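Colleague: just coords:
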């Protein structure tokens, strides 16, 4: 049971000979102190948590009582006190952090996973869930964020290698997901590290996926006339992504196209991570309009391909269908839905379009501070010209 009280330390005499009043925190047979701004001239002016024999004793005692009440309320609101050391409890009380829940790895992971599921990013949520489960098992229960050290990460790597026989690439993926949770906690000021726990493990950059295809292969897909419905849907979804600046499937399927002349959205993937104005705004080109009219549901405004699948299952189904379409067209390159996005950027770059404009089109690099008030309109104009140049190149 943690307790707090007002004390002075007889040996801690300030340079001017006065004594500072402190808040003593007793927890798990340890004591830590939080200094206040209040002082007394001598030891005889403080007894049993009260200022005495002082000209302003009454005023000081009121202020100290209010301060102690504030700390007692903070202490009362901290759940799972047993998780914290006395030092951690002192920091938590002193910093006035949000104490309505324990600042643990699992609590941050669970919160983020719920956000991902609400955004329909179920696949990534599942990956984080798995790593969270492995990490919690390795730690033999939940662990405070402040207790995660480089040593723990090193041993987690050994644990994954020994117990799950993971290769280095797979281990990097799990450590990367651990880093995601730690970084989220850091961004929300839930924890501070003098030495980043992940710094001891160098995560190798994954090899660049060569998924872009040639202009001729784009034309081949566009001009194809498959006789199977799923291949028609695969062709149209692929080309629609290309026409709309490499838009991700989840954003394309959730958009309401009713009475829309512009395609303006915030990427689901970066909605909760990037700061500043995250909107992408493009004028819908004529090539995309014809596809949208073919598949739009007039009641919802969304694209409707007639499948009653979850997003994850539909995404897998469409990627298999795109692969089948490419094979039927004798395209030797590896083709996925993502190839439309990669190809859009590659073709634009080859045509001399600046990376800043291409990055705006795909929402890959969003600046924190917009230098121009009407940045969105200015960039939309540039993006529209860029898209027109890229689409004219495949006529």
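Modeller: Alright, I've got the coordinates. Predicted, not measured: the structure shown is a model, and the values here were computed from it.

Colleague: And for residue 127, the neighbour number?
Modeller: 18 (other C-beta atoms under 10 Å). In this view, the C-beta of every residue, glycine as well, is placed from N, C-alpha and C.

Colleague: Name all residues that make contact with the nearest residue to it once chain neighbours are set aside.
Modeller: Among residues not flanking residue 127 along the chain, residue 177 sits closest, at 6.1 Å (C-beta to C-beta, 6 or more residues apart in numbering). The contact partners of residue 177, taken as C-beta atoms under 8 Å, 6 or more residues apart in numbering, are 127-128, 131-132.

Colleague: Residue 394 now?
Modeller: 215, 218-219, 222, 347.

Colleague: now for those residues, which pair is the farthest apart?
Modeller: 222 and 347 (13.0 Å; C-beta to C-beta).

Colleague: So which of the two has more stuff around it?
Modeller: residue 347 (22 against 15).

Colleague: Residue 220 versus that one, what's the distance?
Modeller: Counting by C-beta to C-beta, to the nearest Å, the separation of residue 347 from residue 220 is 14 Å.

Colleague: still on that earlier bit, which ones among the contacts of residue 394 map onto helices?
Modeller: 215, 218-219, 222, 347 (DSSP state H).

Colleague: of the residues you listed, closest to residue 24?
Modeller: residue 347 (67.9 Å).

Colleague: Need the three-state assignment for the closest residue to that closest one other than its chain neighbours.
Modeller: Among residues not flanking residue 347 along the chain, residue 390 sits closest, at 5.5 Å (C-beta to C-beta, 6+ apart). Secondary structure, DSSP: H, G, I helix; E, B strand; the rest coil: residue 390 is helix.

Colleague: Hmm, residue 350 and residue 390 touching each other?
Modeller: No: here residue 390 does not reach residue 350: they are 9.6 Å apart, not a contact under C-beta atoms under 8 Å.

Colleague: domains in this structure, as residue ranges please.
Modeller: 3-95, 105-200, 215-392 (automatic domain parsing).

Colleague: Quick check: which ranges of the stretch 51-200 of the chain have low pLDDT?
Modeller: Within the stretch 51-200 of the chain, the segments meeting pLDDT under 70 span 95-102.

Colleague: residue ranges for the helices of it, please.
Modeller: 57-76, 86-95, 105-118, 122-138, 150-164, 168-187 (DSSP state H, counting those that start in this stretch).

Colleague: now the angle from the shortest one to helix 57-76?
Modeller: An angle of 120 degrees separates the directions of helix 86-95 and helix 57-76 when computed by axes from the mean of the first three to the mean of the last three C-alpha atoms, to 10 degrees.

Colleague: What helices and strands are in contact with helix 86-95?
Modeller: Packing partners of helix 86-95 (3 or more C-beta pairs under 8 Å, 6 or more residues apart in numbering; DSSP states H and E): strand 19-27, strand 30-40, helix 57-76.

Colleague: okay if I get these as JSON lines plus mean neighbour count and distance to residue 359?
Modeller: Formatted as JSON lines, the helices and strands packed on helix 86-95 follow (neighbours: other C-beta atoms under 10 Å; distance: least, C-beta to C-beta, whole Å):
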{"stretch": "strand 19-27", "mean neighbour count": "19", "distance to residue 359": "50"}
{"stretch": "strand 30-40", "mean neighbour count": "15", "distance to residue 359": "47"}
{"stretch": "helix 57-76", "mean neighbour count": "14", "distance to residue 359": "44"}
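
Colleague: can you redo those as a markdown table with distance to residue 1?
Modeller: A markdown table is the format used below for the helices and strands packed on helix 86-95 (distance: least, C-beta to C-beta, whole Å):
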| stretch | distance to residue 1 |
| --- | --- |
| strand 19-27 | 8 |
| strand 30-40 | 13 |
| helix 57-76 | 10 |
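
Colleague: Which of the ones you listed sits closest to residue 248?
Modeller: If you check each of the helices and strands packed on helix 86-95 against residue 248 by C-beta to C-beta, helix 57-76 wins as the nearest, at 42.8 Å.

Colleague: name the helices or strands packed onto the closest one?
Modeller: Checking 3+ C-beta pairs under 8 Å, 6+ apart, helix 57-76 ends up next to strand 3-13, strand 19-27, strand 30-40, strand 50-51, helix 86-95.

Colleague: Looking at the helices and strands packed on helix 86-95, which is nearest to residue 382?
Modeller: Closest approach to residue 382 among these (C-beta to C-beta): helix 57-76, 50.9 Å.

Colleague: Can you pull out the residues in contact with the closest one?
Modeller: So helix 57-76 is in contact with 2, 4-6, 21, 23, 34, 36, 38, 45, 49-51, 54, 92-93, 96, 99, going by C-beta under 8 Å, 6+ apart.

Colleague: Now which of these would you call buried?
Modeller: Among those, those classed as buried by neighbour count (16 or more other C-beta atoms under 10 Å) are 4, 6, 21, 23, 36, 38, 45, 51, 54, 92-93, 99.

Colleague: Same list (these) but as JSON lines, adding distance to residue 200.
Modeller: Output for these, formatted as JSON lines (distance: C-beta to C-beta, whole Å):
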{"residue": "4", "distance to residue 200": "36"}
{"residue": "6", "distance to residue 200": "42"}
{"residue": "21", "distance to residue 200": "42"}
{"residue": "23", "distance to residue 200": "36"}
{"residue": "36", "distance to residue 200": "39"}
{"residue": "38", "distance to residue 200": "43"}
{"residue": "45", "distance to residue 200": "51"}
{"residue": "51", "distance to residue 200": "49"}
{"residue": "54", "distance to residue 200": "53"}
{"residue": "92", "distance to residue 200": "26"}
{"residue": "93", "distance to residue 200": "30"}
{"residue": "99", "distance to residue 200": "30"}
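
Colleague: just the residues you listed now: which is nearest residue 385?
Modeller: residue 99 (52.5 Å).

Colleague: confidence score at the closest residue to residue 229 other than its chain neighbours?
Modeller: Nearest non-adjacent residue to residue 229, counting by C-beta to C-beta, 6+ apart: residue 306, 7.8 Å away. As predicted, residue 306 sits at a pLDDT of 93.
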